[in-house]
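Peer 1: coords please:
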Amino acid sequence: MRAITKINEAKMPRMEDILNLPVQDPPSAEFSAAQLNWVKVDGGRQGGDDIALIPFSRVGDFVRGESTNVECPASFRIESRRKRAEGSLSRPRVDGYLEYTIYWCSYGPEDYRDNESGQGDSNNNKPASGKGSRPGRRHMMRGCLCHFTVKRLYTRPSIALMIYNQRNHVDKTGLPCHGSLDRDAVGTRAMYAPRISDELRQRIMSLLYVGISMDNIMQNHIETVEKHGGPNNRDDLLTRNDVRNMERVIRQSLYELDANDLLSIRTWVQRHQKHVFFYQDLSIAEPFILGIQTEWQLQQMIRFGHNSYIAADCTFGSKKLKYPLYTLLVFNSHQNALPIAWIITSSFASQQVHKWMTALCDKVRLKDPKWKPYAFMIDDAAADFSIIRDLFQCRILLCLWRIRRAWLKNIVKQCCNIDVQQEMFRRLGCILYTTRNGPTAMDAVEEYMQIFVDQNAFLEYFKTKWLPKIEIWVSAMRTLPLANQEMHGAIEAYHARLKLKLLNESNAAAFQRVDWLVHALTTELHSYYWFDQYSEESGSFRNVRDELFVPSSWQKALQLPDIDVILDEDDLRYVKVVCQSDRTKAYIVWNPGSEFAFCDCFWSRLGNLCKHVIKVNIICRNLQLARPSLALQTYRQIMLNLLQNPPDDPIVLDHAIAHATRMQNDIKGLAELSNQGLLQPVLQFEAHSQGFENPRPQAVPTVDRIAKRHKTSSPRTNATSVLIDVTGHNNAVSNFHAGVNSHVRDVVQFLEAQPMESRRTMQDDLNSVADIDDRHEMTQ
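Peer 2: The predicted structure is shown next:
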């Protein structure tokens, strides 16, 4: 009988077998010990203790999850920590560590409860001051023995060995010492966690940074607690003393942690490792790179970036700051831009960008493996698009707002005649649109310089700053779809807020210090955008939010009544928009319906995209008075190229036609669903990127017409049969796959990158163009 019992008894794994245990990675954002499968090992230092393996990057999630124990809520602090350098051990043990950290419940291990209760340990009492004391924490010391150890394994640094030495929140007598199971703790603070949560701390700190008073903070907190039925955790017991302590932290916080800027940054990185996703110190061989992303920013990136848009605001402050600032943005439910990561770097070389982008993508996908953006918007045509495609695995949109702003701002600055200004700006748009038809980019530039030969100041600026880049921009516009004006307005609003907060004269003395920039970003600016999102979702402090936040130009344009836009359909050189504050005054918008429209209002003359330009462009598009959108122009150009320059391989052409036909059928289907009221787009971005002139749309062959002409010119199989045949010939697929991509990729990528509204607009334009073509053929 004993032998049978011995055979059936599960064998304990030995310490040598711990690396064979499964690495557990629960899908929830935070997890506790109850969600892991623990095993006991035989022998070794951990003999008899519960152990488990988890990714080292998720240790913080485990600590937070373990702190939310319902019966014994607690906070786990770091009791001790040791580190080793890589390569310091020649023969490491199987459980050898790079980092060794002990986390202990904040209610222990000392016991300062009254000895009269019989539960306290008089031998364990430590002095109130001096060696071994814990100032300010005596009231929470209840002798709790709950603690666990985390080892970052030497042989596998990405894995953490979790060793739970004592899982129960008990004292030396084995009885519960805090929480709802402790009879003596009922009705006292020992029922709850000893400290407020990180979430509440962030909320209070952010409210203080944006200027909310302590009285208003406490009143709002009390009202929130009363709504959910009274206090049931430590956060609900927030006191004025808690808020005063955080006020003191803000007053005493200093950005200059060392006289040497680089040493100061190193100290900040060591203190805020959870906010740093990539750090590379400045050296002779490597440039400086610091990537910052808080936990809140990571949450917004996952929430608003998945299946949606991510935008880059590159090289902010390159003229004033020590190192320029690179910001990644997402758009919330109201299409306002939220910063989700800041990168401060001295180099934008491709290999350096690849480093921090890889670290960022790894971090977000570690939280959500299924995370994937819909499109990535870039405002720098010289960027390495292949890196973005490979890492983010999404489409790329080109953003014109930065080049538009730079050109308009310098034209207004260098030229005094407003008629010349608008004409110079319009013809700059002509240079970029040489991607569609007409002369080459350099021919257009030469013609531009001959026309405005007397504008020496601006031409000198253009030659120095933009002439070396013009071919790059033209090439990018030829291959990439363009972002629309709603996105431009949101990015521009973020840029304006960034400039107002950082580049004001009161901070001029600190512009050349990176530690000041890091401090400003992670305190005031971070709190500003956190407060915006919090106020919008909770409805709290709406009056303060309305005072602090200015709507974007797009949002202002939607509030302008259509009747205040005065236009003459027979003369669309300019349009007037009635001023809302002074009805006797009107602003003039030249070149309406174009990305390069120019308004004489103050905001536009600063180089910005104003509400009058956006409103006029929307009206012109709705009345079909503007040139077809750039997105549609790109589609037409691809179709024409396919018609005029058919590939030599018939399989490639038929495959391309099949793809284009499928996309056109998809657009028709979406249009029919929309007409029946069955389709409601999730993203309501405006997709009206207009051309620089206002002629009648040019006739262009539709997909059916291309296929028809193609079939009459040479007897080839139809696209469907080609696809069936190709699936049976692997060698043929490998030979012409590159050719298919070269002719089809732009069509498919461009169409799929458009929001639903844009697809319906393109279908209407294609139908109208097809009707023009048909009437023209009948007349002939």
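Peer 1: use CA for all of it now, contacts and neighbours both
Peer 2: Noted.
Peer 1: Stretch 276-293: how far from the chain's middle?
Peer 2: 20 Å (Cα atoms, centre = their mean, to the nearest Å).
Peer 1: One more: stretch 269-289?
Peer 2: Stretch 269-289 sits 20 Å away from the centroid of its parent chain (Cα atoms, centre = their mean).
Peer 1: OK, contacts around L200?
Peer 2: For L200, the contact set (Cα atoms under 8 Å, 6 or more residues apart in numbering) comprises D235.
Peer 1: For L498, report the pLDDT, please.
Peer 2: If you check L498, the pLDDT there is 90.
Peer 1: tell me the contacts of it?
Peer 2: L525.
Peer 1: P551 now?
Peer 2: A493.
Peer 1: Where does it fall, secondary structure wise?
Peer 2: Using DSSP states H and E, P551 sits within no helix or strand.
Peer 1: if I look at it, how far off is V41?
Peer 2: Distance from P551 to V41, counting by Cα to Cα, to the nearest Å: 61 Å.
Peer 1: One more: L328?
Peer 2: The gap separating L328 from V41 is 46 Å, by Cα to Cα.
Peer 1: L237 too?
Peer 2: L237 sits at a distance of 42 Å from V41 (criterion: Cα to Cα).
Peer 1: Tell me which of those two has more neighbours.
Peer 2: Applying other Cα atoms under 10 Å to L237 and V41 shows that V41 carries more neighbours, namely 21 against 18.
Peer 1: Now do the same for that one: helix, strand or coil?
Peer 2: strand (DSSP: H, G, I helix; E, B strand; the rest coil).
Peer 1: ok, it touching L19?
Peer 2: No. V41 lies out of contact with L19 (Cα atoms under 8 Å); the separation is 11.9 Å.
Peer 1: Endpoint to endpoint, stretch 241-261 covers what distance?
Peer 2: Per Cα to Cα, the first residue of stretch 241-261 is 34 Å away from its last.
Peer 1: buried sites along it?
Peer 2: For stretch 241-261, burial by neighbour count (16 or more other Cα atoms under 10 Å) applies to V243, M246, E247, Y255, E256, L257, D261.
Peer 1: Wait, the second one touches R203, no?
Peer 2: No. Contact criterion Cα under 8 Å: M246 and R203 do not qualify, at 10.9 Å.
Peer 1: can you give me the end-to-end distance of stretch 448-457?
Peer 2: End-to-end distance of stretch 448-457: 14 Å, with Cα to Cα as the criterion.
Peer 1: Outside of that stretch itself, list whatever touches it.
Peer 2: By Cα under 8 Å, 6+ apart, the list of residues contacting stretch 448-457 from outside reads Q414, C415, M424, R427, L428, L459.
Peer 1: Just give me the closest of those residues to P592.
Peer 2: Checking the contacts of stretch 448-457 against P592 with Cα to Cα, the nearest one is R427 at 13.7 Å.
Peer 1: excluding its backbone neighbours, what's nearest that closest one?
Peer 2: Nearest residue to R427 in three dimensions, chain neighbours excluded: Y448, at 7.1 Å (Cα to Cα, 6 or more residues apart in numbering).
Peer 1: what about that neighbour, neighbour count?
Peer 2: Y448 sits with 17 neighbouring residues when counted by other Cα under 10 Å.
Peer 1: Can you tell me the element it falls in?
Peer 2: Element membership for Y448, per DSSP H and E: helix 441-451.
Peer 1: Show me which residues of that helix are buried.
Peer 2: Per 16+ other Cα under 10 Å, helix 441-451 contains these buried residues: A441, A444, V445, Y448.
Peer 1: Report the two of those separated the most.
Peer 2: Greatest spacing in the buried residues of helix 441-451, by Cα to Cα: A441 and Y448 (10.5 Å).
Peer 1: all strands for the stretch 251-400 of the chain, in order.
Peer 2: 276-280, 289-292, 309-316, 325-331, 337-345, 375-378, 395-398 (DSSP state E, counting those that start in this stretch).
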